[in-house]
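[1] The sequence and its predicted three-dimensional model are supplied below.
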Amino acid sequence: MFIEKLKNKLSARMRVPIEEKRLNSMVNRRFLSSIGLDSGLFLDCGCGRGENIRDIEEALGQGFTIVGMDVHYPTALECKENVAGTADIICANALDTALRDGCVDTVLSNQVIEHIAGYERYMSEIARILRPGGYLVISTPNAHCPRNTFLKTIGQKPILRWSNTGKLAPDRFRGHVQEFTEEELLRLIKKHGFTLIENRPILPRPTFHGNWIFNIYRLLEYLFYLVSRPFVDKGYSKNSNMLFKLARD
């Protein structure tokens with residue numbers, strides 16, 4: 001508990017540079033550009049305030065219809081204002097989207113699955129609404145990361161990167177309820193009929209563009225990663241970023 005409180009205090013004082021915040025978006029954009037489709041229906045599942053939708057439009061071109069979906073109505077409303085004219089925004093539950101079977105060509109799940117306790121149902125729903133041969137781009141924190149490796153080394157339990165330290169009720173808490181190792185994520189998604197096309201994990205690296213707390217943390221994280229990497233299992237990274245194709249006919 002002390003470690004988690006300390007982590008939250010430090011996180012609150014860090015100033016993360018914009019290029020660090022956009023690392024996932026940059027990887028996802030490369031995935032989308034590589035797909036090679038020129039039309040269809042694209043779903044940003046858990047679109048938040050719409051940060052990724054502009055990138056989606058630029059990566060895919062004008063032939064796609066873009067739909068953003070978020071379960072939180074105020075956030076969906078803000079997203080609608082932010083991306084006016086670019087995408088259709090709906091407020092819906094990702095576990096029951098009400099979209100018809102096989103109507104979506106590509107789904108983006110960017111930093112979403114870690115917020116969903118019913119992740120099996122979430123993956124089933126994505127597989128249901130995707131057409132056969134459709135694509136899934138997914139990004140989520142890797143539970144097998146330097147922070148948790150360090151905690152295990154000193155005899156502490158791994159912690160979620162955004163946990164319910166305030167003990168909020170489930171309907172009010174919007175943080176992480178589950179984080180996956182790379183192996184766990186691959187096993188989960190493949191079970192629902194997907195084939196891995198590309199895997200581009202985000203690895204620790206030093207930076208000097210944040211405030212001093214952030215820069216020191218990233219440097220220590222990077223050094224620990226270099227020292228510990230030879231002694232840990234594969235799939236060791238900060239964030240999992242993967243491109244899948246629905247293999248089911």
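    It's in. Numbers count the residues shown, from 1 in each chain.
[2] max-length helix in the chain?
    Criterion DSSP state H: the longest helix present in the chain is helix 212-228.
[3] Can you point out the buried residues in it?
    214-215, 217-218, 221-222, 224-225 (16 or more other CB atoms under 10 Å). To be clear about C-beta, it is placed using only N, CA and C from the backbone, and glycine gets the same treatment.
[4] quick check, distance from it to the centre of its chain.
    Helix 212-228 has its C-alpha centroid displaced from the chain centroid by 22 Å (CA atoms, centre = their mean, to the nearest Å).
[5] Let me know the pLDDT of Gly50.
    Note for Gly50: predicted pLDDT of 89.
[6] if we can go back for a sec, for the buried residues of helix 212-228, give me TSV that also has pLDDT and distance to Leu43.
    Compiled in TSV, these are given as follows (pLDDT from 0 to 100; distance: CB to CB, whole Å):
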residue	pLDDT	distance to Leu43
Phe214	88	33
Asn215	89	37
Tyr217	90	35
Arg218	91	33
Glu221	94	33
Tyr222	96	35
Phe224	96	38
Tyr225	97	34
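[7] Give the next helix or strand downstream of the longest helix of the chain.
    Where DSSP states H and E defines the elements, the next helix or strand beyond helix 212-228 is strand 239-246.
[8] any idea of the angle the lengthiest strand in the chain forms with strand 239-246?
    Determined from DSSP state E, the single longest strand within the chain is strand 130-141. For strand 130-141 against strand 239-246, the angle between stretch directions is 170 degrees (axes from the mean of the first three to the mean of the last three CA atoms, to 10 degrees).
[9] And the contacts of strand 130-141?
    24, 27-28, 31-32, 35, 37, 102-114, 126, 161, 176, 179-180, 185, 189, 194, 197, 238-246, 248-249 (CB atoms under 8 Å, 6 or more residues apart in numbering).
[10] next one: stretch 41-50
    Under the criterion CB under 8 Å, 6+ apart, residues 52-53, 56, 60, 64-71, 75-76, 78-80, 82-83, 87, 89, 94, 97, 99, 103-112, 115, 126, 129 lie in contact with stretch 41-50.
[11] Now the buried members of those residues.
    Buried among these (16+ other CB under 10 Å): 52-53, 56, 60, 64, 66-71, 75-76, 78-80, 82-83, 87, 89, 94, 97, 99, 103-112, 115, 126, 129.
[12] Show only the entries of the residues you listed found in strands.
    Using DSSP E, the buried ones among the contacts of stretch 41-50 in strands are 64, 66-70, 89, 104-110.
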